[in-house]
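K.L.:
What shape does this take:
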Amino acid sequence: MAKILVVDDDPVMQLTIQRVLEQHGHVVTVAGDGQKALARFNGESFDLVVLDIFMPGMDGLEAMRLILKRAPNVPIIMTSGRPQTPSSVAEPDYLTMATKLGAVSALPKPFKPATLLTMAADCLASAGKQAASPRPDQDALPNS
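P.N.:
Numbers count the residues shown, from 1 in each chain. Okay, the predicted model is just below:
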């Protein structure tokens, strides 16, 4: 069982990620923005953080920088609903940027629950944490 912090300003996304992770035995804490996420680190420690890049106030990249200052070994999965565009004229690929700045994985939205669970299990394993359950059976999960 891992303690996971989910940081997203979209309540539907918060609930979706929380339910998927809790159904697989993880303990999930939710924060609606970067400031609230940092406040959670004052009294708690987490095994994994799932962090949205684009949020009002403190964005996910700044929150990640400050989280890693406080907890340098916590793996972070960055998420974003913005399209990834290979064109140099378009806006930057923020998910790639996030991995260069310290995120362990990048997860574009929308995503399949199995993809989130696999990334979480891989991040926890690389950090030496035990996932609550084995990697998900791809056929046993819904495609939503």
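K.L.:
What's the mean pLDDT across the top helix by length along the chain?
P.N.:
Residue-count comparison of every helix in the chain, with assignments taken from DSSP state H, identifies helix 113-126 as the longest. When the per-residue pLDDT values of helix 113-126 are averaged, the result is 96.
K.L.:
try stretch 40-47
P.N.:
In this model, stretch 40-47 has an average pLDDT of 92.
K.L.:
got it, and stretch 11-22?
P.N.:
Here stretch 11-22 scores 97 as its mean pLDDT.
K.L.:
For this protein, which segments count as strands?
P.N.:
In the chain, the strands defined using DSSP state E lie at 3-7, 27-31, 48-52, 76-80, 105-108.
K.L.:
what's the third one in contact with?
P.N.:
Contacts of strand 48-52 with the rest of the structure, by Cβ atoms under 8 Å, 6 or more residues apart in numbering, involve 2-10, 13, 17, 21, 37, 60, 63-64, 67, 74-80, 103, 107, 116, 120, 123-124, 127, 129. (Each C-beta comes from the backbone N, C-alpha and C, glycine too.)
K.L.:
Now, of those residues, which are buried?
P.N.:
For those, a neighbour count by 16 or more other Cβ atoms under 10 Å gives the buried set as 2, 4-9, 13, 17, 21, 37, 60, 63-64, 67, 74-80, 103, 107, 116, 120, 123-124, 129.
K.L.:
if you skip the residues just before and after it, what's nearest to Phe46?
P.N.:
In space, and not counting its chain neighbours, Phe46 is closest to Leu5: 4.5 Å by Cβ to Cβ, 6 or more residues apart in numbering.
K.L.:
Touching, the one you found and Thr29? I think so.
P.N.:
Yes - under the criterion of Cβ atoms under 8 Å, Leu5 lies in contact with Thr29, with a separation of 5.2 Å.
K.L.:
Spit out the residues that contact the two alike.
P.N.:
With Cβ under 8 Å, 6+ apart applied, the overlap between the contact sets of Leu5 and Thr29 consists of Arg40, Glu44, Phe46.
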